[in-house]
Every structure is written in C-alpha cells, then in structure tokens.
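>>> Starting from these lines, generate the structure:
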Amino acid sequence: HGYDTLDHFTIQPEYGTREDLIRLVEECHRRGIRVVLDFVMAHVSNQHPFFAEAYGNPGSPYSDWFTWYDEAHTKYKAFGNIAIVPSLNGDSPAVVEYMLEVARYWMDLDSDGDYTDGIDGFRCDHAIGVPHAAWKRLRTEVKRLRPDFWLLGEVWDKAPVIARYYDDEFDSTFDFPLHDVLSGQSESVGHGVLGGSEPPGLIEAALLQRGRLYPWGAQSVVFLNNHDTNRIMSVVQGDEARARLAATVLFSLPGIPLVYYGEEIGMAGVKGDGRPYWDEYRREPMDWYADESGPGMCTWFRPADCNNRPNDGISVEEQRADPSSLLAHYRRLIALRSAYPALRSPGHERVAVSSAHKQVYAFLRQDAQEHILVVLNCSREATQATLDLASSSLPSGPWRATDLLTGAEYPAVSEGEYALELAGETGVILLLQRP
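Next up is the predicted model:
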C-alpha cells in the first residue's frame, strides 16, 4: 500500500520517475486540473534508514524521532500496533523540520524556487497521529510559500474532534461523520441511509452538526466510499438505482464531492478476511476495458474471487457511449455542479416533508440568482410527497420547476404545500425559474 515509507524524496519505481511526475503536473495544470499528493508523516517503514539507525541504539541521533517503550529501544509505538510502520514522534523538533523539508521538496518539483508550478496540495494521512503543533507549523510554511496551497486532513473521527483541526491547520477535512450516516460503518453492507437501513433525516443532523461546530469557511469533503471502506455499489448490494440515488446525494449536498475511482462505473468491493487479502478487494484496478486489457490497465490484483470480470458491463469502455449508464449519470451531475453556482454554495435549507413520508428528504440550494429544490426518495417504493415551502426562505411563487437531470417539467411551485410524485430510489434536482 506504500504507507510504510522508505524514502520521502523518491517515487516508487512502478509509478515512474520524478521527471514523469513533473510532466504529469505540467499537463494537468495546462488542463486546469490541480494535483494533490498523499502526505504521510505519522509513520514510516521499519526499514527506513532513520528507524534502522535508532532501533536498539539509544545513542542514535534519530532516537527521539520515535517513541520507545523500553530502555533498549527495541519496543516502540507503531500505527495500529503494526510493527512494520513505527510512528514518528511529531513532538520532536527535528521530525517537524524534516516534515517541512519534505513538503517543500514536492511543492517545488523542478527545484527552480517557484512554488506555483509544483504539487497543489497535500492529503495529510492519519492526521490524528501527528500533533496539532506540527500541523500548524506545516500550514504556516506552505501558506508562506504559496497562499492557495490546499491542505486536506484525514481526521477519521467524530465532528467535535475534527473541528479542532480547523484551527490554523487544515483547509478541508473528510466528512467521516456524514459518510457513516450515508453508507454505514467502513465494513458494513446494506446499512446507512443509502443502504436503506436509516431514515434520510439523519443527513440533516450531520449537516447541522457540521455547521454548528466548524468555523465559517471550513470545507468538508463529502464521499460515499474510499480506499478504506466498502465500495458504495456493495453497500447498496448491487442495486444500480440506489447507486444512482447515492450519486445524486453526493453532488447535491453542500461540501466538496469526492469520487473514489470506479464508483462512477459501479465497481464493487468489500473488505476481505485476510486469507490472504484484506483491503485489496476495495482497491481493485480501475476497470477501463470490457475485456480487462489494454493500454493503462493495471493487472496487479486478479485473484479468482476478484470483483472485476470481463464483459460484465462494468467498465469505462462499456459505459462511455451509453447515455443511460451510471457513468453518464455521474457526468451529468458533475456538469450540473459546474454550471449552477447554487450547487456549490456553502449552505442548504431543509424543506419540511409531511410526516407520512419519512424516507423523503428535501432541501433548497440557493444563492442570489438561483433557486434549486432537491428532493430525494430513499424508499424503494414510489411515493407522492408533500413539501411545506411556506415555511422556507424561497421567495413567493409561482415558479416553473424543471428537473436538471432529465429535463422533465414538474408541477409549478406556488405558495404553501407542494406535492410531487417520485419513483422509488430516485432524486430530482429542480431548477425553479419564473414563468
């Protein structure tokens, strides 16, 4: 997995060379794409030369880089008590200075002193394994060199803990509390709102907690799955309609949407039992081609029980030309997010739904120019939901309502209650415009 780092200044040969990375960054920047690197400073490999020097050697200059549990320096603190990844001692000034040196290196790939043409941000791995003071030092340094450099913290914890990392540390954090509401715990299937076991009203509770605890301007990264959780297609137990609903939720809620590679084509994957594989099933190679082969197609993980199969409809090649595919749905949502600033605004406003429809969740996304009403039916059954718009901040109607996903016209919105029919496991994103 690469989190047992041997050399913070060298690229794993399988990925290419430093020159390859420079070219990649240049080409991404030319296309308006920013590049973020994983920044792993909570632990290193037990084969790292600094650890090898300090192990069993209390007099080593690297001794205080690690936390030892015995005088002989043979028992040590490690991530998850896994011996191959000893934890760095972030309270050591030398470790913090080293962390800053690593950051500067990747920010200025071509060593020309220009920090605007290198890496654009860091995903700071296992942030709770590094002291707050160290992250503050990192922020001060990278913002001095480049004010728009992005710091994203992986703070896998509850909202009150995450909130502390916005105090001069990270620009953004992953919204793990919302993930747990949407998809259930990291190893669950069929749980959470999207798995069908919880009411969507819990989404509101998570968003309200975020708004109450986090400072203004805090950027939450919203995700359905990642490399440490079961894939969303497995969470919804292969139900493509529910996977489409999940995508609609992802792109309509406030926050920065993150797409974990492969979710946009419906790749499945749950954690293994360790005999012999664990997370590999959740990290299978991106399925580019129908027959599982072609330029750029990785082949590193192909056990007999892998999820990727030839000609199973789950590949970019099989979906890219199909306007009804899951991939096309993701593309439409991305285009809508780009085209309508209200969907990128920081806030939302819940719209009350009649008590008979506990599986329906509705909210407004608005700015000074746009008014968008999102209605999500998390039930597997079709329903006619009744919304109370009179108590919302939506200006007085009438409003013409058009679903941005399909172009379908819905009943006009006027005053008071608004009723609309929704198929099961669907969501609509209604643009409200004056007739």
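>>> contacts and neighbour counts: CA atoms only from here.
Fine.
>>> Next, the contact list for Tyr214, please.
Residues counted as contacts of Tyr214 (CA atoms under 8 Å, 6 or more residues apart in numbering) are 163, 166.
>>> pLDDT value on it, please?
On the pLDDT scale, Tyr214 is placed at 98.
>>> Which stretches in this structure count as helices?
For the chain, the helices identified by DSSP state H occupy 18-30, 49-54, 93-107, 132-145, 159-164, 176-183, 192-195, 201-213, 232-235, 240-252, 316-319, 326-339, in order along the chain.
>>> what number of residues lie near Leu145?
By the other CA atoms under 10 Å criterion, the neighbourhood of Leu145 contains 17 residues.
>>> how near is it to Thr299?
In this view, Leu145 and Thr299 are 39 Å apart by CA to CA, to the nearest Å.
>>> Could you chop the chain up by domain?
Domain assignment for the chain by automatic domain parsing gives 13-337, 348-433.
>>> Please tabulate those in a markdown table and include distance to Asp4 as additional columns.
Formatted as a markdown table, the domains of the chain follow (distance: least, CA to CA, whole Å):
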| stretch | distance to Asp4 |
| --- | --- |
| domain 13-337 | 4 |
| domain 348-433 | 41 |
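>>> closest one to Tyr3 among those?
Of all the domains of the chain, domain 13-337 sits nearest to Tyr3, with 6.9 Å by CA to CA.
>>> Give me the distance between the two termini of that closest one.
37 Å.
>>> Ok, stretch 116-136 next?
The first and final residues of stretch 116-136 sit 21 Å from each other (CA to CA).
>>> So what touches it?
In this structure, residues lying in contact with stretch 116-136 by CA under 8 Å, 6+ apart are 22, 25-26, 34-42, 87, 89-91, 96, 106-110, 146, 149-156, 165, 168-170.
>>> of the residues you listed, buried ones?
Buried positions within the contacts of stretch 116-136, assessed by neighbour count (16 or more other CA atoms under 10 Å), are 22, 25-26, 34-36, 39-42, 87, 89-91, 96, 106-109, 149-156, 165, 169-170.
>>> Inside strands: which ones of those?
Using DSSP state E to define strands, the subset of these located there is 36, 39, 150-153.
>>> CSV please, covering these and showing distance to Arg283 and pLDDT.
Rendered in CSV, the data for those read as follows (distance: CA to CA, whole Å; pLDDT from 0 to 100):
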residue, distance to Arg283, pLDDT
Val36, 19, 98
Phe39, 19, 97
Trp150, 25, 98
Leu151, 24, 98
Leu152, 21, 98
Gly153, 21, 98
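>>> Need these in JSON lines (columns: distance to Thr116).
Shown next, in JSON lines, are these (distance: CA to CA, whole Å):
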{"residue": "Val36", "distance to Thr116": "13"}
{"residue": "Phe39", "distance to Thr116": "18"}
{"residue": "Trp150", "distance to Thr116": "12"}
{"residue": "Leu151", "distance to Thr116": "15"}
{"residue": "Leu152", "distance to Thr116": "18"}
{"residue": "Gly153", "distance to Thr116": "21"}
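>>> can you tell me which of these lies nearest to Asp367?
Sorting these by distance to Asp367 puts Trp150 at the head of the list, at 25.2 Å, by CA to CA.
>>> So which bits of stretch 140-149 are buried?
By neighbour count, and taking 16+ other CA under 10 Å as the criterion, the buried residues in stretch 140-149 are 141-142, 145, 149.
>>> Report the backbone C-alpha coordinates of that stretch in PDB.
Coordinates of the C-alpha atoms in stretch 140-149 are reproduced here as PDB (Å, rounded to 0.1, in the frame of the first residue of the first chain):
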ATOM      1  CA  THR A 140       2.400  28.300   8.300                       C
ATOM      2  CA  GLU A 141       5.200  27.200   6.000                       C
ATOM      3  CA  VAL A 142       3.200  26.100   2.900                       C
ATOM      4  CA  LYS A 143       1.000  29.200   3.000                       C
ATOM      5  CA  ARG A 144       4.100  31.400   3.300                       C
ATOM      6  CA  LEU A 145       5.400  29.700   0.100                       C
ATOM      7  CA  ARG A 146       2.100  29.500  -1.700                       C
ATOM      8  CA  PRO A 147      -1.100  31.000  -0.200                       C
ATOM      9  CA  ASP A 148      -3.500  28.900  -2.300                       C
ATOM     10  CA  PHE A 149      -1.800  25.600  -1.400                       C
END
